[in-house]
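> okay, sequence plus prediction incoming.
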Amino acid sequence: MSKESSIKEYISKAKKIINDDEKLKKLIEDVLKKLKEISSDKKTSAKLNDSLRLFIRIINAYTSKEYTYVPWKTICLIVAGLIYFIYPVDLIPDFIPVSGLIDDIALIAWIYESIQDDIDNFLEWEKSLKS
């Protein structure tokens with residue numbers, strides 16, 4: 001399976017999950033559980049942890065309708081990334097220490113860079129709430 005068709009598959013799954021509150025909630029719980037499991041490797045997990053937690057905040061704000069200025073494509077990419085992160089069969093199996101997370105980190109970093117403007121807008125919105 002090519003990388004492009006693989007991403008399309010995850011986006012297709014993401015579209016279904018976004019419209020199902022229970023599945024979306026379960027996905028977020030699974031991501032948080034896996035983050036906790038890998039937290040012992042500080043170097044590998046710090047940036048990944050920060051990015052995924054930011055993605056979860058965006059999804060939560062979007063689904064609660066507190067923040068709806070996120071393009072649908074961005075929501076789909078974020079959810080696809082979350083699915084990929086928890087999916088046990090990816091390019092490099094996660095049970096391989098350190099190396100197993102490289103593909104997860106690479107994909108999350110790519111998504112993060114791809115939606116950087118939307119992330120910046122969200123962070124500004126969050127900041128405005130605290131002021």
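Alright, I've got the coordinates.

> all strands of the chain, in order?
With DSSP state E applied, the chain shows no strands anywhere along its length.

> what does the helix ranked longest in it contact?
Using DSSP state H to define each element, the chain has its longest helix at helix 42-63. The contact list for helix 42-63, computed with CB atoms under 8 Å, 6 or more residues apart in numbering, reads 21, 24, 28, 31-32, 35, 38-39, 67-68, 70, 74-75, 78-79, 81-82, 85, 98, 101, 104-105, 108-109, 111-112, 118-119, 122-123, 125-126. Bear in mind the C-beta positions are built from the backbone N, C-alpha and C, glycine included.

> report the buried residues of it.
Residues of helix 42-63 classed as buried: 44-45, 48-49, 51-52, 54-56, 58-59, 61-63 (neighbour count, 16 or more other CB atoms under 10 Å).

> now swap in stretch 19-29 and tell me
24, 27-28.

> still on that earlier bit, so which of the contacts of helix 42-63 sit within helices?
21, 24, 28, 31-32, 35, 38, 74-75, 78-79, 81-82, 85, 104-105, 108-109, 111-112, 118-119, 122-123, 125-126.

> only the buried subset of those residues, as a ChimeraX command please.
A single ChimeraX command is used to select the members of these judged buried by 16+ other CB under 10 Å:
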select :24,28,31,35,38,74,75,78,79,81,82,85,104,108,111,112,118,119,122
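
> what mean pLDDT does stretch 86-96 have?
Mean pLDDT, stretch 86-96: 57.

> quick check, central residue of the protein?
residue 82 (3.6 Å; CA atoms, centre = their mean).

> give the contact list for the closest residue to residue 114 other than its chain neighbours.
Leaving aside its sequence neighbours, residue 114 sits nearest to residue 77 (CB to CB, 6 or more residues apart in numbering; 6.4 Å). Contacts for residue 77 (CB under 8 Å, 6+ apart) come out as 11, 14, 111, 114-115.

> go with 7 Å
By CB atoms under 7 Å, 6 or more residues apart in numbering, the contact list for residue 77 reads 111, 114-115.

> would you mind measuring from it to residue 15?
Residue 77 sits at a distance of 11 Å from residue 15 (criterion: CB to CB, to the nearest Å).
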